[in-house]
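Asks: Provided below for reference: sequence and predicted model.
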Amino acid sequence: MRLDKFLADCGCGTRSELKKLIKSGAATVNGSVVRTADFRVDESAAVVELLGKKIEYKKHIYLMLNKPQGVVSATEDNLHRTVTDLVPAEYAHRNLFPIGRLDIDTEGFLILTDDGELSHRLTSPRSHIPKTYIARLAGKISESDIEAFERGITLDDGHVTLPAKLREIGENIAETVIFEGRFHQIKRMFAAVGNKVEYLKRTKIGGLELDEALPLGEMREITPEELERLYER
Ligand code: URA
């Protein structure tokens, strides 16, 4: 790839700014100053520095967002703020989008990325990646609800969900693990057993937990080791 594209992909500036910087001798590749913007760089092996700072090439970006209520899981919306409005400026040059959706009033773990393949792997109906939610409910959780979740719940459209886990972790507070991602699934599952979700938060995708140090509305990069955990069951 061209040196100016490599640096632009890393968020170092616009192509025209970078062309000027490169011409001025600010960039090195494998220790040698390179003054031509179209110099070919092997992004998987080259050591590139700009103004003395090593620039790490990332093919894709993966961000863990602690989604607050009131923002929609979309890249554009006419009425509401979107999760991409919360993306820090340093990632603005990437076309990040959310993987799957959380309702406007649901909080918690949402991934933003520019990796379409990961998005497909996590959201494909056949992937069955577990997703864990904490729900505060209007009514009590009964043994028969737990058994009904275990068998699979018939939703209002006739779809029978995959067996889900339901555990009471406090008064009217449930931890639920589901293995698919239907529209309003958790709310509809509780509605089917005569209950009502008053508050919902996603805490885990696969084996990766939301970083509780992340304040609502903030995001941080997911490490390569953490990415592997997304596929844990
Ligand atoms: N289930 C829901 O009902 N809402 C969400 O946002 C996610 C899962």
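Replies: Arrived safely, thanks for sending.
Asks: Relative to the ligand, how far out is L155?
Replies: Distance, L155 to the ligand, using Cβ to the nearest ligand atom, to the nearest Å: 11 Å. Quick note: C-beta positions are derived from backbone N, CA and C, even for glycine.
Asks: That residue against A164, yeah?
Replies: No. Contact status for L155 versus A164: not in contact, 11.6 Å apart, counting by Cβ atoms under 8 Å.
Asks: Find residues that contact each of the two.
Replies: M189 (Cβ atoms under 8 Å, 6 or more residues apart in numbering).
Asks: quick one: which of the two has more around it?
Replies: Per other Cβ atoms under 10 Å, whichever of L155 and A164 has more neighbours is A164, with 23 against 17.
Asks: Verify the stated contact: the more buried one with R182.
Replies: No. Assessed by Cβ under 8 Å, A164 is found out of contact with R182, at 11.2 Å.
Asks: between those two, what contacts are shared?
Replies: Counting by Cβ under 8 Å, 6+ apart, nothing touches both A164 and R182.
Asks: Could you tell me which residues of this protein lie near the ligand?
Replies: Counting by Cβ under 6 Å from any ligand atom, the positions of the chain adjacent to the ligand are L102, D103, T106, H184, Q185, I186, K187, L200.
Asks: What residue spans form the domains of the protein?
Replies: Domain ranges of the chain: 3-55, 62-125+208-229, 131-205, per automatic domain parsing.
Asks: Please convert those domains to a markdown table, extending it with mean pLDDT.
Replies: Listed next are these as a markdown table, based on pLDDT from 0 to 100:
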| stretch | mean pLDDT |
| --- | --- |
| domain 3-55 | 95 |
| domain 62-125+208-229 | 96 |
| domain 131-205 | 98 |
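Asks: Filter the residues of the chain next to the ligand down to the ones in strands?
Replies: T106, L200 (DSSP state E).
Asks: Are any of the residues of the chain next to the ligand buried, and if so which?
Replies: L102, D103, T106, Q185, I186, K187, L200 (16 or more other Cβ atoms under 10 Å).
Asks: Next up, the contacts around the last one.
Replies: Listed by Cβ under 8 Å, 6+ apart, the contact partners of L200 are D103, D105, T106, E107, G108, Y133, I134, A135, R136, I186, K187.
Asks: so of these, which ones are in helices?
Replies: I186, K187 (DSSP state H).
Asks: Mind telling me what element the residue nearest in space to the middle of the chain is part of?
Replies: Among the residues of the chain, the one closest to the centroid is I111, at 0.2 Å (Cα atoms, centre = their mean). Applying DSSP states H and E as the criterion places I111 in strand 106-113.
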